[in-house]
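J.: model this:
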Amino acid sequence: MREYIGRGDFTWFVGVVEDRNDPVQLGRVRVRAYGWHNESLDAIPTNELPWAIPVNGVGSASVSGFGDSPTGLFEGSWVIGFFADGERAQEPMILGSLAGLPTNLADTALGFNDPNGKYPLEVDIPDVNKLARGENTKVHELDTTIPEPAAPYAAVYPYNHVMETESGHTKEYDDTPDAERIRERHKSGTFYEVHPNGDRVTHIVNNNYTIVASNNDVHIKGVCNLFIDSDCNTTIGGNWNINVTGDKNETIGGNVTEDYTGSQKTTAASMDINGGSAIDMDAGRIDLN
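T.: Residues are numbered from 1 along each chain as shown. Next up, the predicted model:
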């Protein structure tokens, strides 16, 4: 009787990724499978290994670019999977990757190693991310002007769920009891972090641009403190309305220059104008009530 996927013997494997440069960009990788291939690069060169297809999870649509891209495996990654064509072993499919405890760096002269000699980065260190194991490898200098609250990192294995990319971007969803956090960090050092008490800290190491295509409403129920170390330029295309229920206090260390193309009207219960040697007012019309 003819065999097909789902019928006949299930043939699985454990192996090491040696190539991820899929020419058709499907996320496929070349895997050297233990027991099916030997370690000799002369007998079986990397470029003769069959392409293996990663199996995405049910949370990923994997169609028309939707869902997670199947591009997370590196050369040197250990994987487990099965051969869709059974013992013919030419159609491997990868079910997942395996973290381990490397005892040797890559030997580029042998198979079952990263041909680029990069991974693993360390030996006798678990492959599980250090952030997940309780070591904060993403520290930063606190801002003392505000002052910024201290980083609340207190992760305990196995509660911190970490994703780190090859260049150093990280996401953390930390469920450590009494130290729950969320942190997303760019390799440059720009990050945001939500603290266990609900505080949110954002650090931007370069410029920041915010574009709002429609209205923008901000409600601050407490005190708002703004510190600007350089100039502040404000351009308003419409009216500028300021309603202050309390006092308005201004301390200006230099000169004040105001140009009005229309009229100026000031209404106040009392007004004190204290100048130096002189106060000059040049305008077409000034009404003081």
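
J.: who touches stretch 199-215?
T.: Stretch 199-215 is contacted by residues 140, 143, 148, 149, 188, 189, 190, 191, 192, 193, 194, 195 when judged by Cβ atoms under 8 Å, 6 or more residues apart in numbering. Where C-beta positions appear, they are placed from N, C-alpha and C, glycine not excepted.

J.: now, among those residues, which is nearest to residue 74?
T.: Using Cβ to Cβ, residue 188 comes nearest to residue 74 of the contacts of stretch 199-215, at 21.9 Å.

J.: which residues touch that closest one?
T.: Per Cβ under 8 Å, 6+ apart, neighbours of residue 188: 205, 206.

J.: so how far is residue 59 from residue 66?
T.: As judged by Cβ to Cβ, to the nearest Å, residue 66 and residue 59 stand 11 Å apart.

J.: and residue 136, by the same measure?
T.: 29 Å.

J.: these two: which is more packed in?
T.: residue 136 (12 against 7; other Cβ atoms under 10 Å).

J.: out of everything not next to it in sequence, what's closest to that one?
T.: residue 153 (4.5 Å; Cβ to Cβ, 6 or more residues apart in numbering).

J.: doesn't residue 135 make contact with that neighbour?
T.: No - between residue 153 and residue 135 there is no contact under Cβ atoms under 8 Å: 9.5 Å.

J.: for the stretch 151-289 of the chain, give me the ranges with low pLDDT.
T.: Residues of the stretch 151-289 of the chain that meet the criterion pLDDT under 70 lie in 268-289.

J.: mind doing that once more with 90?
T.: Within the stretch 151-289 of the chain, the ranges that satisfy pLDDT under 90 run 257-289.

J.: mind listing the strands for it?
T.: Counting by DSSP state E, counting those that start in this stretch, the stretch 151-289 of the chain has these strands, from start to end: 160-164, 170-174, 181-185, 191-194, 200-203, 264-266, 286-288.

J.: can you redo those strands as CSV with distance to residue 20 and mean neighbour count?
T.: What follows is the strands of the stretch 151-289 of the chain, written out as CSV (distance: least, Cβ to Cβ, whole Å; neighbours: other Cβ atoms under 10 Å):
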stretch, distance to residue 20, mean neighbour count
strand 160-164, 17, 17
strand 170-174, 21, 19
strand 181-185, 24, 18
strand 191-194, 28, 18
strand 200-203, 33, 13
strand 264-266, 68, 11
strand 286-288, 73, 11
